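J.: A structural model of the following input is requested.
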Amino acid sequence: MDVQHFERITAFVEARLTPLFDAETGSEKGFGMDDTSRALRALRNAVLEASAVKGLIEQRASAEPATRRVIDQSVEHHWDVLRGIARQWEDHADFRREFKRHAWELDEAPVAAQD
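T.: Prediction:
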């Protein structure tokens, strides 16, 4: 698991969500106080929060063993959050198989070998 995985899955989900907040497309959703707008904002916030864990990955190499275990757990949890959201678009042309994999499965294969 590396930062690139988080960057790819976050970019994929953001590409699906951003048009929903674009007033130029005629969308009024996301800006109001109706339930749909609130749900869209909550989903976007969950994505942003889960993707913020990228900074922990960079600290992992120099962390003490106990801290490294906590980082690993946090990274796995946040990957699962993003994975669950991304899988709502499994039928999208830009969906990558790596978005279906668990964190430990991503650790087993080099980044270049994954799609």
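
J.: tell me, what residue is most central in this structure?
T.: residue 82 (3.5 Å; Cα atoms, centre = their mean).

J.: what's the helix or strand of the chain with the lowest mean pLDDT in contact with?
T.: Lowest on mean pLDDT, DSSP states H and E among the helices and strands of the chain sits helix 103-108, with a mean of 77. The contact list for helix 103-108, computed with Cβ atoms under 8 Å, 6 or more residues apart in numbering, reads 1, 5, 75, 76, 79, 80, 98, 114. Heads up, the C-betas are built off the backbone N, CA and C, glycines and all.

J.: residues near the second one, how many?
T.: Right, the one you point to is residue 5. Here the number of neighbours of residue 5 (other Cβ atoms under 10 Å) works out to 24.

J.: Can you say which helix or strand has it in it?
T.: Residue 5 is part of helix 3-17, with elements assigned from DSSP states H and E.

J.: how about that helix: buried residues?
T.: Buried positions in helix 3-17, judged by neighbour count with 16 or more other Cβ atoms under 10 Å: 5, 6, 8, 9, 10, 12, 13, 16, 17.
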